[in-house]
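Undergrad: sharing a model prediction with you, sequence too.
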Amino acid sequence: MIERVQTIFLFLSAIQSVVVFVGIPLWIDASGIQVDIKNNTLICLPLILGCFMSLIIIFSYKNRLRQMKLCRINIIFNILIIALYVFLLSFNNFQSLLETNFRFGFFIPLINFLLLTTALYYIKKDDDLIKSIDRVR
């Protein structure tokens with residue numbers, strides 16, 4: 001059903017992935033260059049896939065096992081985005097890393113990771129509830 005709790009978390013995850021494309025900066029490095037999605041296509045692809053996958057997970061509510069698998073894959077996409085952030089920041093030396101100003105867009109994959117983990121928890125909880133009801137019959 002679409003009105004379940006995990007739908008809210010998955011919808012918020014999809015919205016946050018879309019918000020990054022509006023132009024929210026990810027970080028401003030020591031030289032004053034603003035880094036956002038428009039400057040970096042390496043991060044763009046996993047964000048687009050994660051957004052569409054969140055919407056697919058919402059509408060595949062009849063198959064909870066598929067929902068759990070897709071949710072885990074989406075979590076891996078967000079871990080990939082976080083790893084890409086660290087990889088891109090590693091090109092800067094340590095001194096400029098200390099002077100980097102992180103913006104809200106930098107923390108969106110971490111927030112998405114938490115939202116998707118919570119959604120996975122509630123999907124698993126629903127699956128366990130359905131299995132326990134089937135045992136009673």
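TA: Arrived safely, thanks for sending. Residues are numbered from 1 along each chain as shown.

Undergrad: which stretches of this structure form strands?
TA: Remark: strands assigned in the chain by DSSP state E are 27-28, 34-35, 101-102.

Undergrad: could you check the lengthiest helix in the chain and say which residues are buried?
TA: As assigned by DSSP state H, the longest helix anywhere in the chain is helix 104-136. Neighbour counts using 16 or more other C-beta atoms under 10 Å place 105-106, 108-109, 112-113, 115-116, 118-120, 122-123, 126 of helix 104-136 among the buried residues. Quick note: C-beta positions are derived from backbone N, CA and C, even for glycine.

Undergrad: average model confidence for that helix?
TA: Averaged across helix 104-136, the pLDDT comes to 87.

Undergrad: run a quick neighbour tally on the closest residue to Asn40 other than its chain neighbours.
TA: Of all residues not flanking Asn40 in the chain, Leu88 sits nearest, at 7.0 Å (C-beta to C-beta, 6 or more residues apart in numbering). Leu88 has 16 neighbours, counted by other C-beta atoms under 10 Å.

Undergrad: ok, now Val86?
TA: Quick note: Val86 (other C-beta under 10 Å) scores 9 neighbours.

Undergrad: that one and Leu80, how far apart?
TA: Taking C-beta to C-beta, to the nearest Å as the measure, Val86 and Leu80 are separated by 11 Å.

Undergrad: got it, and Arg66?
TA: From Arg66 to Leu80 the distance is 21 Å (C-beta to C-beta).

Undergrad: tell me which of those two has more neighbours.
TA: Under the criterion of other C-beta under 10 Å, the comparison of Arg66 against Leu80 puts Leu80 first, with 17 against 13.

Undergrad: surely the more buried one touches Leu47?
TA: No: assessed by C-beta atoms under 8 Å, Leu80 is found out of contact with Leu47, at 10.0 Å.

Undergrad: enumerate every residue touching Phe104.
TA: Ile24 (C-beta atoms under 8 Å, 6 or more residues apart in numbering).

Undergrad: next one: Phe87
TA: Residues in contact with Phe87 (C-beta under 8 Å, 6+ apart): none are found.
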